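Have a look at this prediction, sequence included:
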Amino acid sequence: MWALLQPVSRFVVRALVFGIGCFELLKGLLEHIVEELWNVRFDSKAAETRHALPRIEKISVIVAAHNEAACVGRTLRGLVAAAAAPAALEVIVVNAGSTDNGATQAVIDEVAGDIENRTGGYLRLHCPKGRSAPWNTGAQAATGQLLLFHHADNTLPKGWDTQILANIEDDVVLGAFQIGWDTAELASVPAGLHINGFFYNATVWLFKKPEGNNSLFCRKEDFAAIGGFPDLMIMEDYAFVALARKHAKVTGRRLLILPKPTLLASARRQAKMGVLLETSINQVIKILYAHFGLKHDDIYRFYYGDFMKWLRGQGRRRS
């Protein structure tokens with residue numbers, strides 16, 4: 001019976017994910033109109049006093065890792081191998097309070113010789129567990145003119161550094177990649193995953209609202225002007241991008257979303273919970289946070305609480 005119903009259920013999931021995607025686009029359009037009408041205005045004096053930015057000679061790639069022994073080594077080697085000019089990279093990996101009995105740190109140490117030999121530097125740092133701490137810790141130690149914030153389970157495309165340098169100009173405050181879903185290690189592709197990816201990229205491209213999964217990058221000066229990642233337990237990327245958008249608006253600058261090639265983002269959460277449930281929860285959280293003042297602490301308790309753990313468990317049993 002289930003074999004007969006499964007194609008129907010997958011079609012229904014895809015249709016609902018499509019509907020959520022359309023809703024996200026419409027919501028993004030309305031938010032964009034409101035921002036243009038009522039939000040922060042261009043400050044001509046701030047734009048006039050803006051000085052020429054230094055030439056980018058080194059990119060500092062900051063990789064945050066919390067209990068990522070299974071993928072951090074592959075990610076570190078991969079980002080170096082995919083770079084057109086690895087000697088112009090500084091790789092900074094921040095172990096954010098991993099609790100896997102040293103497994104993550106062992107992998108970080110294991111690849112040290114390889115990374116050091118192929119790049120302009122390899123820093124191994126530690127910080128307490130948290131969402132903002134690894135990014136801010138890495139940025140503080142970075143010596144590159146450009147900072148790239150990269151998740152330990154994502155994969156950068158070939159020539160990613162050339163793409164950034166070819167497109168970033170002095171009027172860019174913050175940039176990001178489009179994403180594709182990494183399904184190589186999944187037993188099966190969750191229903192609606194690629195539809196979700198299409199609408200996510202469309203929203204990011206049209207309204208310039210990337211998230212941490214997009215591997216954000218900016219000049220070190222702009223990172224300081226924005227104020228770094230706010231010290232939040234969750235949605236630190238959402239808050240950081242909002243600050244960057246405000247800074248861009250005030251100074252008459254812009255956000256940049258790179259064209260293809262895309263980076264590959266992990267689809268682990270979608271595989272565990274299902275695309276429909278994961279997407280729906282994310283949309284509800286964003287709406288409650290942006291328009292109804294839901295506090296970060298409440299979002300954190302909900303997202304990592306017992307109910308969500310139960311839902312993730314149900315998702316694993318279904319898959």
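Thanks, I have the structure now. Numbering: from 1, shown residues only.

which regions of the stretch 201-319 of the chain lie under the pLDDT threshold?
311-319 (pLDDT under 70).

which SS class is Ala166?
Under DSSP: H, G, I helix; E, B strand; the rest coil, Ala166 falls in the helix class.

partner residues bridging the nearest residue to Ile115 once chain neighbours are set aside?
Closest residue to Ile115 apart from its sequence neighbours, by Cβ to Cβ, 6 or more residues apart in numbering: Tyr122 at 4.4 Å. Any C-beta I mention is one placed from the backbone N, CA and C, and that applies to glycine too. Beta-bridge pairing for Tyr122 (DSSP bridges): Val91.

neighbours around Arg219, how many?
Neighbour count for Arg219, taken as other Cβ atoms under 10 Å: 21.

Enumerate every residue touching it.
Leu53, Ile56, Gln145, Leu146, Leu147 (Cβ atoms under 8 Å, 6 or more residues apart in numbering).

The last one - how many residues pack around it?
It refers to Leu147. Counted with other Cβ under 10 Å, Leu147 comes out at 22.

next one: the fourth one
By other Cβ under 10 Å, the residues close to Leu146 number 24.

Next: the third one.
Other residues lying near Gln145 total 16 when counted by other Cβ under 10 Å.

Contact partners for it?
Taking Cβ under 8 Å, 6+ apart, one finds Pro54, Arg55, Ile56, Glu57, Lys58, Ile59, Arg219, Lys220 in contact with Gln145.

pLDDT at it, what is it?
Gln145 carries a pLDDT score of 97 in this model.

hang on, the earlier thing: which single one of the contacts of Gln145 is nearest to Trp205?
Among the contacts of Gln145, Arg219 lies closest to Trp205 (Cβ to Cβ), at 21.7 Å.

Does the closest one have any beta-bridge partners, and if so which?
Here Arg219, judged by DSSP bridges, has bridge partners Leu146.

how close does it get to Pro230?
The gap separating Arg219 from Pro230 is 19 Å, by Cβ to Cβ, to the nearest Å.

cool, Ala152 as well?
From Ala152 to Pro230 the distance is 21 Å (Cβ to Cβ).

ok, those two, which is more surrounded?
Between Ala152 and Pro230, counted using other Cβ under 10 Å, the more crowded position is Ala152 (27 against 18).

What's the per-residue pLDDT of that one here?
94.

And the pLDDT for Ala192?
Just to correct that, residue 192 is Gly rather than Ala. You'll see Gly192 listed with a pLDDT of 85.

do Thr155 as well
95.

got it, and the one 10 residues further on?
Each residue has a pLDDT score; the one for Leu165 is 95.

what ranges do the helices span in the stretch 101-250 of the chain?
103-110, 112-118, 133-141, 160-167, 193-207, 220-226, 236-251 (DSSP state H, counting those that start in this stretch).

still on that earlier bit, using JSON lines, lay out the contacts of Arg219 together with distance to Asp182.
As requested, the contacts of Arg219 are exported to JSON lines (distance: Cβ to Cβ, whole Å):
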{"residue": "Leu53", "distance to Asp182": "33"}
{"residue": "Ile56", "distance to Asp182": "28"}
{"residue": "Gln145", "distance to Asp182": "29"}
{"residue": "Leu146", "distance to Asp182": "24"}
{"residue": "Leu147", "distance to Asp182": "23"}
